[in-house]
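J.: From the sequence below, what's the structure:
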Amino acid sequence: SARELALRHPGLKIALIEKENKFAFHQSGN
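T.: Predicted structure coming up:
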């Protein structure tokens with residue numbers, strides 16, 4: 001699961017959150 005992956009790779013979780021934030025920022029920009 002994604003949660004297991006995040007637990008194994010904490011850095012990956014942070015990268016995903018950053019990606020989500022950038023995407024959300026672009027969405028609200030419209």
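
J.: Tell me, how many residues neighbour Trp11?
T.: For the record, residue 11 is Gly, not Trp. 8 (other C-beta atoms under 10 Å). Just so you know, the C-beta spots here come from the backbone N, C-alpha and C atoms, and that holds for glycine as well.

J.: just checking, what packs against the strand or helix carrying it?
T.: In this assignment (DSSP states H and E), Gly11 forms part of helix 10-29. Applying 3 or more C-beta pairs under 8 Å, 6 or more residues apart in numbering; DSSP states H and E, we find helix 10-29 packed against helix 2-8.

J.: which helices and strands does the helix it packs on pack with?
T.: Using 3+ C-beta pairs under 8 Å, 6+ apart: helix 2-8 touches helix 10-29.

J.: can you give me how far the helix it packs on is from the chain middle?
T.: How far helix 10-29 lies from its chain's middle: 5 Å, per C-alpha atoms, centre = their mean, to the nearest Å.

J.: Keeping just the C-alphas, turn it into PDB.
T.: C-alpha atoms of helix 10-29 as PDB (Å, rounded to 0.1, in the frame of the first residue of the first chain):
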ATOM      1  CA  PRO A  10      10.000   8.800   4.300                       C
ATOM      2  CA  GLY A  11      11.600  11.000   1.700                       C
ATOM      3  CA  LEU A  12       9.300   9.700  -1.000                       C
ATOM      4  CA  LYS A  13       6.300  10.800   1.100                       C
ATOM      5  CA  ILE A  14       7.700  14.300   1.300                       C
ATOM      6  CA  ALA A  15       8.300  14.300  -2.400                       C
ATOM      7  CA  LEU A  16       4.700  13.200  -3.000                       C
ATOM      8  CA  ILE A  17       3.300  15.900  -0.700                       C
ATOM      9  CA  GLU A  18       5.400  18.500  -2.500                       C
ATOM     10  CA  LYS A  19       4.100  17.300  -5.900                       C
ATOM     11  CA  GLU A  20       0.500  17.400  -4.600                       C
ATOM     12  CA  ASN A  21       1.000  21.000  -3.300                       C
ATOM     13  CA  LYS A  22       2.400  22.200  -6.600                       C
ATOM     14  CA  PHE A  23      -0.500  20.600  -8.500                       C
ATOM     15  CA  ALA A  24      -3.000  22.100  -6.100                       C
ATOM     16  CA  PHE A  25      -1.300  25.500  -6.600                       C
ATOM     17  CA  HIS A  26      -1.600  25.300 -10.400                       C
ATOM     18  CA  GLN A  27      -5.300  24.200 -10.100                       C
ATOM     19  CA  SER A  28      -6.100  27.200  -7.900                       C
ATOM     20  CA  GLY A  29      -4.200  29.500 -10.300                       C
END
